[in-house]
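In: no sequence on this one, just coordinates:
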């Protein structure tokens, strides 16, 4: 196997991704929080004495939207497509008849799509932060908070992307399953009391939010409802182990499974 | 000569559906034609020998090595798939260079190989156009280019002439013959007998997942020639033509129709018929609109050979 197979696959799909229509669509979707931030900002012009300040709104509206919707949607549609778009487009043959092993194909595409999504997410979070906190841009604490939140979102994005990559390697209706998982399981079970909520990735992500550790969730923080946070170090370790586990399983399935194009 | 591709009792089921049954073959350098009607198992065989699917039973070896998940062997193999599928938003140049990068060549070598392959398939002028704007023939040639750009020892082409106009077919046939001249092992599948005849004399006939016959195309032709062929003539005076044909020993079973100007007859010796028919027509002042051989297609040939 060429030593740089992983890099070649990464570069191949980063290149294709840049030109794809899907990228433009998801860039627009990832811009929704910025739009929300602009709307809130405009409404504050007409009601300057709103009891909630910009940072609270950013942490509770924008972060909640990003965490509970945006990263799930981005990860779902990119993760499941890592294998399925090659099957639907019948282009898998071009990759699997090359001297690049199948692990490199999965990991290279994962890395390319992961980088794309991180760029989209970062642009969205930073822009919405700037819009919501325009008068606090000189405050380093505000930036630290935002970067902390962005770190949690990035970790979540990569974990969900790995999970959906795995699902896409063996399920035909992976998007349907992913929608059920994202907006059924993850968005419901995270509010269950006791240890049941630990069966969601969302639990570990929410445990990393600054509000979970400081106990000051803010006035609108429904994200913290019923949360019995796990320690930050354990949450990070769990997310990293799960991400690695999902990717390993995805590579194993992709190496062993035969993919047959539908006629 | 040493076999480049060797299969032993190769069988493949898709669930309960049989794709290929007990195929043992040894393929040597040169062009081998894989012939069979649609659904005969040609694509299954090609997918097995290119390591895209696993055999249910039996083994495949390429240059004495197993193929399934054997990355090293893929460097020696070039595959042109049947399906007309591409990364449509790429240009021909981008498509080739990006695929070549998966072989681990240096940037300079990638460019040189891509240039050479595009020149070879006569797409150099159009290399910067998006693939989605390519004609069917250009797309087919680009598929061939990606199969040969890394200079593999073995080139496998699944229905490479499908959907091409006569000029396009001629170009691809010439390319395939060039591979042979370069000492490559080439396997070409088709469901059209004349296409394979134009390429090679060494053929493998597949039918319902099994090898029906294998060897020199003349042997297969002889097998076919033991069975009567139908010839249909659409002309101005079918009765007069029938009257002249009745006396010919090589003609059997004359029928009129399906239209008022058509006559269909059978012969076991097509060459004799095609030898005297033009003179017969001219001598009797019969205006001929069309002469066809309704059963001169592969399915009919297979039906004859399998005794249907």
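Out: Good, I have the coordinates. Everything numeric in this text was worked out from a predicted model, so none of it was measured. Residues are numbered from 1 along each chain as shown, chains lettered A, B, ... in the order given.
In: residues from the stretch 151-263 of chain A in reach of chain B?
Out: Within the stretch 151-263 of chain A, the residues that sit near chain B (CB under 8 Å from any CB of the partner chain) are A:255, A:258, A:259, A:260, A:261. For every residue, glycine as well, the C-beta is placed using N, CA and C.
In: Identify, from those residues, the entry nearest to chain B.
Out: Distance to chain B, by CB to the nearest CB, is smallest for residue A:258 among those, at 4.7 Å.
In: Surely residue A:113 and residue A:13 touch.
Out: Yes - assessed by CB atoms under 8 Å, residue A:113 is found in contact with residue A:13 at 6.9 Å.
In: quick one, what contacts whatever residue of the stretch 201-308 of chain B ends up closest to chain A?
Out: As assessed by CB to the nearest CB, chain A sits closest to residue B:209 within the stretch 201-308 of chain B, at 15.5 Å. By CB atoms under 8 Å, 6 or more residues apart in numbering or on different chains, the residues touching residue B:209 are B:12, B:18, B:19, B:20, B:21, B:23, B:40, B:41, B:44.
In: Show me those residues that map onto helices.
Out: residue B:44 (DSSP state H).
In: from the contacts of residue B:209, which two are the most distant?
Out: B:12 and B:40 (12.9 Å; CB to CB).
In: on that earlier part again, include neighbour count when you put the contacts of residue B:209 into JSON lines, please.
Out: Output for the contacts of residue B:209, formatted as JSON lines (neighbours: other CB atoms under 10 Å in any protein chain shown):
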{"residue": "B:12", "neighbour count": "23"}
{"residue": "B:18", "neighbour count": "16"}
{"residue": "B:19", "neighbour count": "21"}
{"residue": "B:20", "neighbour count": "29"}
{"residue": "B:21", "neighbour count": "18"}
{"residue": "B:23", "neighbour count": "24"}
{"residue": "B:40", "neighbour count": "25"}
{"residue": "B:41", "neighbour count": "23"}
{"residue": "B:44", "neighbour count": "25"}
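In: possible to save the contacts of residue B:209 as CSV with pLDDT and distance to chain A?
Out: Converted to CSV, those look like this (pLDDT from 0 to 100; distance: CB to the nearest CB, whole Å):
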residue, pLDDT, distance to chain A
B:12, 96, 10
B:18, 91, 15
B:19, 93, 10
B:20, 95, 13
B:21, 94, 18
B:23, 95, 18
B:40, 89, 15
B:41, 92, 14
B:44, 95, 10
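In: What about the contacts of residue B:209, which are in strands?
Out: Among the contacts of residue B:209, the ones falling in strands (DSSP state E) are B:12, B:18, B:19, B:20, B:21, B:23.
In: so what's the nearest residue to residue B:240 once chain neighbours are set aside up against?
Out: Computed as CB to CB, 6 or more residues apart in numbering or on different chains, the closest residue to residue B:240 that is not its neighbour in sequence is residue B:284, at 5.8 Å. For residue B:284, the contacting residues are B:237, B:240, B:241, B:244, by CB under 8 Å, 6+ apart.
In: Quick check: of those residues, which lies closest to residue B:87?
Out: residue B:241 (56.0 Å).
In: so that closest one is in which element?
Out: Take DSSP states H and E as the rule and residue B:241 turns out to sit in helix B:238-246.
In: Repeat that for residue A:117.
Out: Short version, using DSSP H and E: residue A:117 is in helix A:102-132.
In: For that helix, buried residues please.
Out: A:102-114, A:116-118, A:120-121, A:124-125, A:127-129, A:131-132 (16 or more other CB atoms under 10 Å in any protein chain shown).
In: Measure how the very next helix or strand once past it sits relative to helix A:102-132, angle-wise.
Out: Using DSSP H and E, the helix or strand that directly follows helix A:102-132 along the chain is helix A:140-170. Interaxial angle, helix A:140-170 versus helix A:102-132 (axes from the mean of the first three to the mean of the last three CA atoms, to 10 degrees): 150 degrees.
In: tell me the contacts of residue A:160?
Out: Contacts of residue A:160 by CB under 8 Å, 6+ apart are A:71, A:72, A:75, A:76, A:79, A:182, A:201.
In: Format these as JSON lines; extra columns: distance to residue A:238 and neighbour count.
Out: Converted to JSON lines, the contacts of residue A:160 look like this (distance: CB to CB, whole Å; neighbours: other CB atoms under 10 Å in any protein chain shown):
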{"residue": "A:71", "distance to residue A:238": "17", "neighbour count": "27"}
{"residue": "A:72", "distance to residue A:238": "18", "neighbour count": "24"}
{"residue": "A:75", "distance to residue A:238": "17", "neighbour count": "25"}
{"residue": "A:76", "distance to residue A:238": "21", "neighbour count": "24"}
{"residue": "A:79", "distance to residue A:238": "19", "neighbour count": "31"}
{"residue": "A:182", "distance to residue A:238": "19", "neighbour count": "21"}
{"residue": "A:201", "distance to residue A:238": "9", "neighbour count": "25"}
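In: now, which of those lie within helices?
Out: Using DSSP H, the contacts of residue A:160 in helices are A:71, A:72, A:75, A:76, A:79, A:201.
In: Who are the contact partners of the fourth one?
Out: By CB under 8 Å, 6+ apart, residue A:76 lies in contact with A:160, A:164, A:175, A:178, A:179, A:182.
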